[in-house]
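J.: Prediction below, plus the sequence it came from.
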Amino acid sequence: MDYTVNLKKILSEKQLGYLRSLSAFIRSVMSPGLFKHSLGTYNYCLQMADRFLLTDADSSFEDYINGSNRNIHERTIHEKCFKLATAAILHDYGKIFSFEELKEITVRQKLRISDFELNCEPVLHGFVAPFLLKRDFKITDSEVLNSVKIHSIGSVKMSMIDKILYIADKVEETRDYEGVERLRNLSFEDINLCLLEVYKSNIIYVIKGNNVLHPDTVKIWNLIRGGLKNAI
Ligand SMILES: [Fe+2]
Ligand SMILES: [Fe+2]
């Protein structure tokens, strides 16, 4: 399948310039593997945005079709894609800091992070990220910050941007595990079913490694599972 995206269709020149500057910066501070994963997640998010954000029901698509709200709709699309792209490129920025540094920042800045999250290395980088993105990139947009915060465990309330980032992080091109190709195909067919399958595969992965599950996992799983009849 060809998932090439015409970036200019969904992002303006100015937005692309900003994203290029973020990319150049993270390249200078990340390991090559982490940078490749960040870029892979960014590219995958834009492919999914092309498929899902451009026709997102929240964006008054009918008004757009009728022509009555075309400019507002186009602005909304650009804005949503830009938020998603910004979140994607920076979603693992917290990983440039060591676990000890992240813990220290949490304590020093009195961040509202649970004891579980503070002591769970695989997820802490996401929870500290809103603080880091505000401090180091002056990003204050709540949709961007929230999406980055929950990218590793999900949430009981996920927007389209959150869902796309959650999925893209787990299935982007550098990911290589059994079943990833099936998840990739699903990610362009049915985003909610894909979210459920990716979430399931993530829970199984955590359990197989004898690692701990975030306390919200069951709530999130039940919520994602609840609305789907065909995913048993
Ligand atoms: Fe991450
Ligand atoms: Fe990631």
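T.: Yes, it's here. Ligands and ions are numbered 1, 2, ... in the order given.

J.: Stretch 196-211 - what's its average pLDDT?
T.: Taken as a whole, stretch 196-211 has an average pLDDT of 96.

J.: So which residues on this structure come close to ligand 2?
T.: Applying C-beta under 5 Å from the ion, we find that the chain lies next to ligand 2 at 92, 169. The C-beta positions use only the backbone N, C-alpha and C, and glycine is treated the same way.

J.: what about the helices in the chain?
T.: For the chain, helices defined by DSSP state H occupy the ranges 7-10, 13-29, 32-52, 61-66, 70-90, 99-108, 115-118, 121-137, 142-149, 160-171, 180-187, 191-208, 217-226.

J.: Which stretch among these is buried most, on average?
T.: helix 160-171 (a mean of 25; mean count of other C-beta atoms under 10 Å).

J.: does stretch 116-127 come close to ligand 1?
T.: No. Counting by C-beta under 5 Å from the ion, ligand 1 is not contacted by stretch 116-127; separation bottoms out at 5.7 Å.

J.: that older thread, mean pLDDT lowest where, among the helices of the chain?
T.: helix 61-66 - the lowest mean pLDDT of the helices of the chain, at a mean of 44.

J.: Residue nearest the middle of the protein, spatially speaking?
T.: Centroid check for the chain by C-alpha atoms, centre = their mean gives residue 165 as the closest residue, at 2.1 Å.

J.: Show the contacting residues for that residue.
T.: By C-beta atoms under 8 Å, 6 or more residues apart in numbering, the residues touching residue 165 are 41, 45, 84, 87, 88, 91, 147, 148, 151.

J.: Apply 6 Å and report the result again.
T.: Residue 165 makes contacts with 87, 88, 147, 151, as judged by C-beta atoms under 6 Å, 6 or more residues apart in numbering.

J.: With respect to residue 100, which of those is nearest?
T.: residue 151 (21.6 Å; C-beta to C-beta).

J.: Quick check: that closest one touching residue 91?
T.: Yes. At 4.9 Å, residue 151 counts as touching residue 91 under the criterion of C-beta atoms under 6 Å.

J.: Which one of the two is surrounded by more residues?
T.: residue 91 (28 against 25; other C-beta atoms under 10 Å).

J.: Per-residue pLDDT of that one, please?
T.: pLDDT, residue 91: 98.

J.: Would you mind measuring from it to ligand 1?
T.: Plainly put, residue 91 is 6 Å away from ligand 1 if you go by C-beta to the ion, to the nearest Å.
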